[in-house]
Each structure stands twice: as structure tokens, then as C-alpha cells.
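Asks: Pasting the sequence and the predicted coordinates here, then a few questions.
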There are 2 protein chains.
Amino acid sequence: MKLATLRSPSSRDGNLVIVSRDLRHAVRVPDIAATLQQALDDWSRTEALLRSRAEALEAGTLEDAFDFDPAAAAAPLPRAYQWCDGSAYLSHAELVRRARNAEMPQSLYHDPLIYQGGGDRMAGPRDPILIADEAWGIDLEAEIAVITDDVPMGVSADEAARHILLVTILNDVSLRNLIPSELAKGFGFFQSKPATAFAAVAVTPDELGDAWDGRKLALPLRSWVNDRWLGEPNGGHDMNFDFAALIAHAAKSRELGAGTIVGSGTVSNRDRAVGSSCLAEVRMLETIDSGKPETQFLRFGDRVKIDMTDVAGASIFGTIEQTVVRYEPAG
Amino acid sequence: MKLATLRSPSSRDGNLVIVSRDLRHAVRVPDIAATLQQALDDWSRTEALLRSRAEALEAGTLEDAFDFDPAAAAAPLPRAYQWCDGSAYLSHAELVRRARNAEMPQSLYHDPLIYQGGGDRMAGPRDPILIADEAWGIDLEAEIAVITDDVPMGVSADEAARHILLVTILNDVSLRNLIPSELAKGFGFFQSKPATAFAAVAVTPDELGDAWDGRKLALPLRSWVNDRWLGEPNGGHDMNFDFAALIAHAAKSRELGAGTIVGSGTVSNRDRAVGSSCLAEVRMLETIDSGKPETQFLRFGDRVKIDMTDVAGASIFGTIEQTVVRYEPAG
């Protein structure tokens, strides 16, 4: 089952829709749940109803189905109460920390790292990347994420895996030049992580077939900047902490509410032939090769594209396609 | 106007109520907004309606008014999309960092420090402090917070002050013994900040009279542990960064959504006679005096009380009264 949220002038949380497997058709489901958060809050009731409707959508028997327009989509959760993002691919962590001359603590090799993100303004798949100043070092980070139901405090990783309801992909936009001074203050990211953008569609794990082993997603995550290929690391390779481990880490001292989004961190493989999912890695590899970075961070007008396809080549979640735009305050 | 949220079996976000100035009476307002978040989402419409109803409640003319029971209250926002907490009282930051032998970066004296909190499970004023392990070093942190409407990116501090809709107090529970290793990983707090608890009532600034100057709240914030006085530092003294500055800092690179909660950080004064708002400060002062801390962190069964009264001695927000309880997973 594939779920999305269409923007709505009357609701900040949009309208929940079921999307067909081929992403061509959709149907609203106000009789089941008005929003994705409502569906997740009451998943034991809504899941079966949504799945039944999804089957009818695939069968083409719904008179109120319509063409799905990804440009009309918000993030699946336009506002999220809990957005926490891991750093599960340590080859990324090693390169990025080397890039800013930061230490790689040994604890990171056995203790998952998660940062607390802010979920009040999630961007949709075609929304601009709104940034006030190019000099902040604008970067993309292509990631995979899961969305959970209610997770008890102290859950084991094996139990945590059973709390994964949905899977999606995202662009964790980062402001590289704000990070060093912000992290130096000791309390983690805030200004250096502007609005995160999500693919239009979140899917139940059964849509992923053999690529999903219950804890990670073994498919290439492809990124481009201005149509230039950036990379296609496989989400199933070199993931030092799988989603079950990340959820268990996040729930050590707190319950997680339904609709919690847990990100993988930038997908990164040790095989450099597959490229990268962010520009910071590219710049560090250039520095290692030739003494200095050649690739620039994103500028106003630059375009970012992120996608993941199934083995038949069809987009699973819909494409994230964003343009970097200078933020102009309204009024 | 005073607002609160009553727990509801049918809604995770509870039911919005208006509370009388003396905290004795309340009235539900489903015809205006079902939840506080809904009221904040549409404040330009709901504020006048709520204020009119609040006047009628004070006048005693509402037939559906009932006795307000703080034990039935959730946090004003039982789930919040954006909870960010400052560290605005540097006398606290200096002591706590000294306690864990951490450096006090010079940047903290001119650049506000904010950490991104998680808002999916806010505790109510009488909810237990649920912790799995006493050895984690359980501490209270008494704070003041404001709740905003939509804040544009890049807002100035002067403009930011106009986005403050509500004021409340809170207990930012902290797990002191998890903090050093977590912060050493570089991405800020996660496991060391379990569920934050809020007073029952959030008030519009006009309820605060001369104590509110538009940017900070100049009244003593009182804390007790097991009925032992812990402190009563004044929120208007030694606040190095006022709420306007904290909001402007938080909005530098992102829009803030309606319902954003911005915390002050632990209220702390340089005048030691007024005591402290957390045990970490007490322990550091003991260490300075006598070489080692005498006061223990909280244990299961310990009781925490936090309150702020007006100049006439009446509680403004209702008392936070929590007991530390060992977390037992359900089922």
C-alpha cells in the first residue's frame, strides 16, 4: 500500500490519499482518516480499511479515483511530532567529520548516533529549498526513513522492527558552513538543519519485496544535481546500524509516538564507484585526491533530484525534485 | 486568558478548555477549536472568540462551566511539532558545564544556544516522571516557555517578540549521567532528554501584568524536591538572551510553525541566595564549597514541585507536581 498527502488550503496537515503502485492514480479516504497522522494514530483500525481501498484502487473499481499529481503532494507528514535522524552509514560520518577536521569518536562504531530534528515544517517533493544565504554551504543528503507506530520505552531492536509501518525517502538539507560553529557549542544541530523534504509517497514494507529484510532497504538511492549523477549507494550495504537498532536507540529513555519518523542518515557505501548522496562527501574525496575540493555547494537555481526505483526500474516513492531558491519573507 | 488541555480517551491531543483566572473553573470550547493546536493554527480567527468566552467564564455566566481539575490536565500541547529549548541563563550553563568538566565556549556569551527537543510525548503537570533506571542521574530543570504563531524565517528579535501568543512553565527532565557520553558524540541531546512536563495552563501575556515586558517574565520560579525548597530564581534576572532573541535565533534558517514552544532553559540567577532550579547546580555549588556533592539526583518515589505565583501569591499556571516512577512497559 502506498500513501501520500495532498496539500489542502483548509488543513495544514493536508488530505490523506492512497496512491496506486504505479503512482498514476490516487483516491481520497476521508471516511477512513482525514490525514496520515490520524491514520497512524489509529492504525489497528485504519490499516485494514486502507488496504482494502488500495486493492480496489489497483483493480480500477473506484469511481472517485483521480490522476495523482506529485506536484500537488506535501510531505507524507507535513508536520511531524517526532523526526529523529540517524547516522547509520559510518563511511559518510567518517568522510564528513574528516572534512571539518572533527574527531570520529570510537563510541560511534558501537553506539548509534541520532540527532533530534524539528518536524514543524516538512517540505514536499517539489517544494523549493528555501535558504536566505548561499554562503551557508547548502547541501543535500539523500536518506531512507521509516515511520513507526507507538514504540514503548526500552524496546529491543528485534521488537523495534515490528513497529515499522511505512518506508520513504527524503532530502535532509544541511547548511555545511553553519555546522562547525553550531556543533562547537555542544547541543547539536539547529540552524544548520533547515526544512527536510520528503518524497510524495510512503509505502508499507510489503511493497518493497525482497529488497526489505525487515530492518533495512537494499536498493540504490540515486541522486543528481543539475542532472549530473551524484551517486547511487545501496541502502542495504554498509548500514552499520539498521532501522531496528536506530528505533531501539531512540526509545531508550522515552516512548515514541505514532508517526515518529526515523531517518537513516546520508546513505553511503564504502565502494566509491557508486558515488555519494551529498556534496560534502564529494568535496572530501576531491580533497583527498587532489588537495582541495572542486565541487561547489548548491547555489540559488541549482536543482536536486533523488529517486529510488524497484528492480523493474519504476519509481517506488516518487521523485524528489527541488530547486534552491532564495528565501524572501512574505509581506 | 488562560488555556489548558484536558485528557480525552478519544483524542491524543485532548480537549481545549478555557480556565478561569483563579484556576477554579473551566469551560470546553468545541465550537471554537477542539484542541489548542487547532486554536493556534487559526489564531487570527479563534483568539477573539476565545477571549469573549473567557470573559463570560470570569463573569460566571456560562452554564457549561465546571470545576477545573489539574489532575485531569495534559500538557497544553500534549504533542508539539516544534519544541526548542534555549539556554538563556548563562549562570546555569557555566555551573553545569563546570560540573561535567566541559568547556564554556566564548561564543555562548553573544550567540544564543538552543537545542532541538522532541515533542511527541509531552507530560502533563501531574504525570509521573517515567524513567527506567535511577542510575541515569534524574534531574529536574524548572523553566519558562513561550508558544508562538507562525514565525517567518530570518525574523528580527523585535519582530519575534510580536509572535509570542502564550507563556507557561515546564520541567525539562534531564538524565545527567547520560549527557556527557551523548554530547561527546557531537549531535546534542536525545536519550538524555526524556519527556518534558508542562504546567496545566498557558496564559496570554496580558495575564502577567507588569511582570511581562514583552520579552521576559520577571517573577520567581519556585521549585521543591520532596517539599524541600530548591530555589526561586527570578525569570527576569540574568536572562542573557530573552525570548525574542531565542525565537529570532531559532528562526534564522527556518520558518517556525504555529504552536512552536520555545523554552528559556533552566532559570538561574547569579544571586545564590535565591537557590537553584535543578539539582546539577546544587551539586556543583556543594562541590565548590566542600569538594564534593552532597545532594543526590532524584530517586524513584521522589516528588518534584514547580510553581510561579503572581504578586498576590496566586498560582498563575497551576503547579507542576510529579513523582519519579520506574518505567514498566505495558503488556
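Replies: Done, it's in.

Asks: Just confirm A:Asp238 contacts A:Gly265, I think it does.
Replies: No: checked against C-beta atoms under 8 Å, the pair A:Asp238 and A:Gly265 is beyond contact range at 11.5 Å. C-beta here means a position set from N, CA and C on the backbone, and glycine is covered the same way.

Asks: neighbour count winner among the two?
Replies: A:Gly265 (28 against 17; other C-beta atoms under 10 Å in any protein chain shown).

Asks: wait, what's in contact with the more buried one?
Replies: Counting by C-beta atoms under 8 Å, 6 or more residues apart in numbering or on different chains, A:Gly265 touches A:Asp85, A:Gly86, A:Ser87, A:Ala88, A:Tyr89, A:His92, A:Ala93, A:Leu113, A:Glu141, A:Glu143, A:Asp172.

Asks: Could you pull up phi and psi at the nearest residue to A:Arg299 once chain neighbours are set aside?
Replies: Closest residue in space to A:Arg299, ignoring its immediate chain neighbours: A:Glu134 at 5.6 Å, by C-beta to C-beta, 6 or more residues apart in numbering or on different chains. Backbone geometry at A:Glu134, expressed as degrees, to the nearest 10, gives phi -60, psi -30.

Asks: OK, contacts around A:Glu134?
Replies: Contacts here follow C-beta under 8 Å, 6+ apart; on that basis A:Glu134 touches A:Phe297, A:Arg299, A:Phe300, A:Arg326.

Asks: Buried subset of these as a ChimeraX selection?
Replies: A single ChimeraX command selects the buried members of the contacts of A:Glu134 (16 or more other C-beta atoms under 10 Å in any protein chain shown):
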select /A:297
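
Asks: Show me how the record splits chain A into domains.
Replies: With domains defined by automatic domain parsing, chain A comprises A:2-72, A:83-326.

Asks: Output these as JSON lines; include the columns mean pLDDT.
Replies: Shown next, in JSON lines, are these (pLDDT from 0 to 100):
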{"stretch": "domain A:2-72", "mean pLDDT": "98"}
{"stretch": "domain A:83-326", "mean pLDDT": "96"}
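
Asks: Go through those domains and pick out the most buried.
Replies: When those are scored by mean count of other C-beta atoms under 10 Å in any protein chain shown, the highest mean neighbour count falls to domain A:83-326 (a mean of 21).

Asks: Check the stretch 101-250 of chain A for the residue nearest chain B and tell me.
Replies: Chain B sits closest to A:Gly188 of the stretch 101-250 of chain A, with a gap of 2.0 Å, by C-beta to the nearest C-beta.

Asks: my bad, the stretch 201-331 of chain A
Replies: Closest point on the stretch 201-331 of chain A to chain B, by C-beta to the nearest C-beta, is A:Gly257, at 3.4 Å.

Asks: residue ranges for the strands of the stretch 201-331 of chain A, please.
Replies: In the stretch 201-331 of chain A, strands defined by DSSP state E, counting those that start in this stretch lie at A:201-203, A:222-225, A:228-231, A:261-263, A:303-307, A:320-326, listed in chain order.

Asks: Quick check: neighbours shared by A:Asp238 and A:Gly265?
Replies: Common neighbours of A:Asp238 and A:Gly265, using C-beta under 8 Å, 6+ apart, are A:Tyr89.

Asks: Now do the SS call for A:Asp22.
Replies: coil (DSSP: H, G, I helix; E, B strand; the rest coil).

Asks: How about the one 5 residues further on?
Replies: In terms of secondary structure, A:Val27 is strand; the call rests on three-state DSSP.

Asks: got the contact list for it?
Replies: Going by C-beta under 8 Å, 6+ apart, A:Val27 touches A:Val17, A:Ile18, A:Arg53, A:Leu57, A:Leu62, A:Asp64, A:Ala65, A:Phe66.

Asks: ranges for the helices of the stretch 101-250 of chain A?
Replies: A:157-161, A:179-184, A:243-250 (DSSP state H, counting those that start in this stretch).

Asks: Excluding chain neighbours, what is closest to the residue most central in space within chain A?
Replies: Among the residues of chain A, the one closest to the centroid is A:Leu170, at 2.6 Å (C-alpha atoms, centre = their mean). If the residues on either side of it in the chain are set aside, A:Leu170 comes closest to A:Phe198, at 4.7 Å by C-beta to C-beta, 6+ apart.
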